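K.L.:
Need a 3D model of the following:
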Amino acid sequence: MAGPLLETKLHVPGPRSALVARPRLISRLGQADEQTLILISAPAGFGKTTVLAEWLADSPATGRSHAWLSLDQRDNDPVLFWTYLVAALDKASTGIGARALAALRSTQSSTEDFLTTLINELQGGQDRFTLVLDDYHVIDNQGVQEALAFLVENLPSQLQLVIASRADPALPLPRLRARGRLLEIRAADLRFTLEEAGTYFNAVMGLGLTAQDIAALEGRAEGWIAALQLAALSMQGRGDVAGFIAGFAGDDRYVVDYLAEEVLQRQPDDVRNFLLQTSILNRLNGQLCDAVTGQNTGKAMLEALDRGNLFVVQLDDRRWWYRYHHLFADVLRARLMDEQPGRIHELHERASLWHEQNGDIPEAIRHALAAQDFERAADLIELAIPALRKDRQEATLSRWLEALPGELIHARPGWASPTRGRSSRAASSPVSTPASRRQSIG
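P.N.:
Numbering: from 1, shown residues only. Model (predicted):
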């Protein structure tokens, strides 16, 4: 591999104490044992990940092992996507997918060879799995989409697939729906009810709102959880709560942006600067934050943000790795661009150096490219090329090369390869037609 697999991508997010239990949703999920696909489809800020984490933590023993994969843009490389998927299954049951992984990396194997091997391994085993693919909306590679459709059409009874996405995936949903093999949970199901909103505002956040106040907020936000969370944070310590509620309208993204800005403005300067400067990171730990900010308070700051429910998500059981909630991260990055545009490259350079020193070359490359330090990015790519080609991750290599200036490519004759300009087409080759099934994964 060009770098080690990120264990945090395979970690089921731990349930948080300061959340509202969703028994009505957990019950529906718990009764879906006969459905081969569970789809949770809703826009950002509806609590998709949180509900799934609560379900897996609270569900009684059903005879299924739990596997989890948090997806990101890098997983549009087909080989990387399937490597992580097999790793998630292997974490749930050691040894599963070993033969399939060998087929995946073989230059003699096709997409269908790999998938058939994986399906047969699952079918021949005794273990039953529930596999969650979180944030599936980031996957836009046609090859990955069509290969997953092939898997869904041929799922063995041992595997139940759960997809959480902001948009419906390119899967045969009508056919699955007609066969009774699909459970769908959508935005209308995920919205806070009036009772859930009351529990959140008063029992969780301790605001002491009246029933009338709660009804006004819930009605205007239409149960959208992100808006209600931000509204609660905005009301903490505020004198004129009634005035805030009277002017609140929480039914569109602009309002969430506004509320997030307001929450940000209410933070002390040191917290605010920390949030802005670390918003460039996809995942955070104390040491990485210290390297980026030049301070030595990273670990304590992350723990304080976690305790304050300030939109950080734990990525492991040790409280070592975190990430910001996607909606909040978007606001932070926009504010960083407005206030400190001259520092952004420097922050990315620091992050790149830390990741290189800690063995995460792909993330070091991402930050070097973001810093527009193309010479450094090229040097790092040079280090990664042998492993990428060995593991058939041509799509990742192509994406990096396409981000570099042409003169840098031409200055390195050893990079001249059919990979450039070709891998994106090869990576998106479908698996659903007889001709394409004979094509290689890469």
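
K.L.:
Need the nearest residue in space to F81, chain neighbours excluded.
P.N.:
Of all residues beyond its chain neighbours, the one nearest F81 is D75 (4.5 Å), with distances taken as Cβ to Cβ, 6 or more residues apart in numbering. Bear in mind the C-beta positions are built from the backbone N, C-alpha and C, glycine included.

K.L.:
Pull the contacting residues for the one you found.
P.N.:
Contacts here follow Cβ atoms under 8 Å, 6 or more residues apart in numbering; on that basis D75 touches 81, 84, 138-139, 144.

K.L.:
which residue ranges form the strands in the stretch 1-150 of the chain?
P.N.:
If you assign secondary structure with DSSP state E, counting those that start in this stretch, the strands in the stretch 1-150 of the chain sit at 37-41, 64-70, 128-134.

K.L.:
TSV please, covering the ones you listed and showing mean pLDDT.
P.N.:
As requested, these are arranged in TSV below (pLDDT from 0 to 100):
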stretch	mean pLDDT
strand 37-41	96
strand 64-70	91
strand 128-134	93
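
K.L.:
Nearest to E222, out of those strands?
P.N.:
In terms of Cβ to Cβ, the element of the strands of the stretch 1-150 of the chain nearest to E222 is strand 37-41, at 17.0 Å.

K.L.:
can you pull out the helices in the stretch 201-350 of the chain?
P.N.:
211-221, 225-235, 241-247, 253-265, 269-278, 286-293, 298-307, 326-339, 344-357 (DSSP state H, counting those that start in this stretch).

K.L.:
Of the ones you listed, which stretch is the most buried?
P.N.:
Of all those, helix 225-235 has the most neighbours on average by mean count of other Cβ atoms under 10 Å, namely a mean of 24.

K.L.:
same for that helix, what does it pack against?
P.N.:
helix 211-221, helix 241-247, helix 253-265 (3 or more Cβ pairs under 8 Å, 6 or more residues apart in numbering; DSSP states H and E).

K.L.:
Could you export that helix as PDB, CA atoms only?
P.N.:
These are the backbone C-alpha positions of helix 225-235, laid out as PDB (Å, rounded to 0.1, in the frame of the first residue of the first chain):
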ATOM      1  CA  ILE A 225     -31.300  18.300  13.900                       C
ATOM      2  CA  ALA A 226     -28.300  20.400  12.800                       C
ATOM      3  CA  ALA A 227     -30.400  23.600  13.000                       C
ATOM      4  CA  LEU A 228     -31.800  22.700  16.400                       C
ATOM      5  CA  GLN A 229     -28.300  21.900  17.700                       C
ATOM      6  CA  LEU A 230     -27.000  25.200  16.500                       C
ATOM      7  CA  ALA A 231     -30.000  27.000  17.900                       C
ATOM      8  CA  ALA A 232     -29.400  25.400  21.300                       C
ATOM      9  CA  LEU A 233     -25.700  26.500  21.300                       C
ATOM     10  CA  SER A 234     -26.800  30.000  20.300                       C
ATOM     11  CA  MET A 235     -29.200  30.200  23.200                       C
END
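
K.L.:
So which residues make contact with that helix?
P.N.:
The contact list for helix 225-235, computed with Cβ under 8 Å, 6+ apart, reads 44-47, 190-192, 197, 200-201, 205, 207, 217-218, 221, 241, 244-245, 248, 250-251, 255-256, 259-260, 262-263, 266, 309-311, 325, 327.

K.L.:
Next: stretch 287-306.
P.N.:
Residues outside stretch 287-306 that contact it (Cβ under 8 Å, 6+ apart): 270-271, 273-275, 277-278, 280-281, 284-286, 311-312, 314, 319, 322, 347, 350-351, 353-355.

K.L.:
Format the CA atom coordinates belonging to stretch 268-285 as PDB.
P.N.:
The C-alpha atoms that make up stretch 268-285 are tabulated as PDB, following Å, rounded to 0.1, in the frame of the first residue of the first chain:
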ATOM      1  CA  PRO A 268     -13.000  32.800  23.100                       C
ATOM      2  CA  ASP A 269     -10.300  34.000  20.700                       C
ATOM      3  CA  ASP A 270      -8.000  31.000  21.400                       C
ATOM      4  CA  VAL A 271     -10.800  28.500  20.800                       C
ATOM      5  CA  ARG A 272     -11.900  30.400  17.700                       C
ATOM      6  CA  ASN A 273      -8.400  30.500  16.200                       C
ATOM      7  CA  PHE A 274      -7.900  26.800  17.000                       C
ATOM      8  CA  LEU A 275     -11.200  25.900  15.200                       C
ATOM      9  CA  LEU A 276     -10.300  27.900  12.100                       C
ATOM     10  CA  GLN A 277      -6.700  26.800  11.700                       C
ATOM     11  CA  THR A 278      -7.500  23.100  12.300                       C
ATOM     12  CA  SER A 279     -10.500  23.100   9.900                       C
ATOM     13  CA  ILE A 280      -8.100  22.200   7.000                       C
ATOM     14  CA  LEU A 281      -7.700  18.700   8.600                       C
ATOM     15  CA  ASN A 282      -9.900  15.800   7.700                       C
ATOM     16  CA  ARG A 283      -9.200  14.200  11.000                       C
ATOM     17  CA  LEU A 284      -7.500  15.600  14.100                       C
ATOM     18  CA  ASN A 285      -5.400  14.600  17.100                       C
END
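
K.L.:
Now it: average pLDDT?
P.N.:
When pLDDT is averaged along stretch 268-285, the result is 94.

K.L.:
Stretch 79-91 now?
P.N.:
Confidence over stretch 79-91 (mean pLDDT, whole number) is 94.

K.L.:
Tell me how far it lies from the chain's centre.
P.N.:
Using Cα atoms, centre = their mean, to the nearest Å, we find the averaged C-alpha position of stretch 79-91 to lie 15 Å away from the chain's own average C-alpha position.

K.L.:
same deal with stretch 279-292?
P.N.:
Taking Cα atoms, centre = their mean, one finds the center of stretch 279-292 at 17 Å from the center of the full chain.

K.L.:
Compute the first-to-last residue distance for it.
P.N.:
Length of stretch 279-292, first residue to last, Cα to Cα, to the nearest Å: 10 Å.

K.L.:
what residues does stretch 379-391 touch?
P.N.:
Surrounding stretch 379-391, the residues in contact under the criterion Cβ under 8 Å, 6+ apart are 1-3, 79, 83, 105, 352, 356, 361-362, 364-365, 368, 394, 396-397, 400-401, 404, 412, 415, 419.

K.L.:
Provide a ChimeraX selection command restricted to the buried entries of the residues you listed.
P.N.:
Those of the contacts of stretch 379-391 that meet the burial criterion (16 or more other Cβ atoms under 10 Å) are gathered into one ChimeraX selection, given here:
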select :1,2,3,79,83,105,352,356,361,362,364,365,368,394,396,397,400,401,404,415,419
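
K.L.:
Sitting in helices, which of the contacts of stretch 379-391 do you find?
P.N.:
Assignment to helices by DSSP state H places the following of the contacts of stretch 379-391 there: 79, 83, 105, 352, 356, 361-362, 364-365, 368, 394, 396-397, 400-401.

K.L.:
out of the residues you listed, who's nearest R22?
P.N.:
Using Cβ to Cβ, the shortest approach to R22 within the ones in helices among the contacts of stretch 379-391 belongs to T83, at 32.6 Å.
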